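# Have a look; sequence and predicted model below, questions after that.
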Amino acid sequence: MTRMIEASLDELSNMMYEMGELAYKVVSLAISECITCTENYSEVREISNKLMSMEDAVEEKVVEIIARYQPVASDLRKIKSSMKIAYDFARFGRYALDISFTNRRTGGLCHCEPWIVDYITEMGEKTLAMVKMSIDALKNYSPTLAENISTREHELDKMYFDFFDRLSAHTPATTQCIISSVLIVRYLERIGDHTTYLCKSIVYMETGEKIMIV
């Protein structure tokens, strides 16, 4: 027998899946424009704004479900986790917008030495892989996949801190390049952090266990 709450929970899941697809797209767009010296600011801003609106919509849906069905146990965990996951997707959009604004204001990586462009290209690919991994864990209801994000997070953090050592050792770089590259790697590192928060919510949603992903 189908429970009355199921249709609402499915709708909530579909909202998060759509946010995941948009989050991946907007992060990809922002990274790409910095590397290729193009500009996608208008499109990035539009998607970022949509993600923030969808976060509000998820919150409203959660309130509606609680008011109508008084969920408990796993249903309540799913609903609670959905709000956190929606917030993390919205943060992906915000950091993508920050990257895009940096690109627009300072010229992105256009004035940087090749090693910096290559380095941030690799860091961007790792960040996108983490975003995709978190989305896959959500779609597949996989706490195991979610916990595996930890290894990627360590790799991204190492690249983040190593970048400053290499930047110090390889000067001169133009002031524009230093400002752009430092901001961009910071935003990528923060996106990586939010993939771990998101995965932590997935583990809680599926198992009820609160874990530390570090």
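Nice, thanks for sending it over.
# Show me the helices in the chain, by range?
Listed in chain order, the helices of the chain (DSSP state H) span 5-36, 41-69, 73-106, 114-139, 143-147, 149-169, 175-207.
# now those helices in TSV, with mean pLDDT and mean neighbour count?
C-beta here means a position set from N, CA and C on the backbone, and glycine is covered the same way. Below are the helices of the chain laid out as TSV (pLDDT from 0 to 100; neighbours: other C-beta atoms under 10 Å):
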stretch	mean pLDDT	mean neighbour count
helix 5-36	95	19
helix 41-69	96	16
helix 73-106	94	21
helix 114-139	96	19
helix 143-147	90	19
helix 149-169	93	15
helix 175-207	92	21
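# show me what contacts the residue nearest to the spatial centre of the chain?
Residue closest to the average C-alpha location in the chain (C-alpha atoms, centre = their mean): residue 92, at 3.7 Å. Applying C-beta atoms under 8 Å, 6 or more residues apart in numbering, one finds that residue 92 lies in contact with 23, 26-27, 51, 131, 191, 194.
# I'd like those residues laid out as CSV, including distance to residue 120.
Formatted as CSV, the contacts of residue 92 follow (distance: C-beta to C-beta, whole Å):
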residue, distance to residue 120
23, 20
26, 17
27, 13
51, 23
131, 16
191, 13
194, 19
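# now, among these, which is nearest to residue 34?
residue 27 (11.4 Å; C-beta to C-beta).
# check contacts around the closest one.
So residue 27 contacts 92, 95-96, 127-128, 131, 191 (C-beta under 8 Å, 6+ apart).
# Now tabulate the residues you listed in TSV and tack on distance to residue 16.
Conversion of these to TSV gives the following (distance: C-beta to C-beta, whole Å):
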residue	distance to residue 16
92	12
95	18
96	18
127	20
128	19
131	14
191	17
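# Just give me the closest of these to residue 156.
For the contacts of residue 27, the nearest to residue 156 is residue 127 (6.5 Å; C-beta to C-beta).
# Make sure the closest one is actually in contact with residue 192.
Yes - under the criterion of C-beta atoms under 8 Å, residue 127 makes contact with residue 192 at 5.6 Å.
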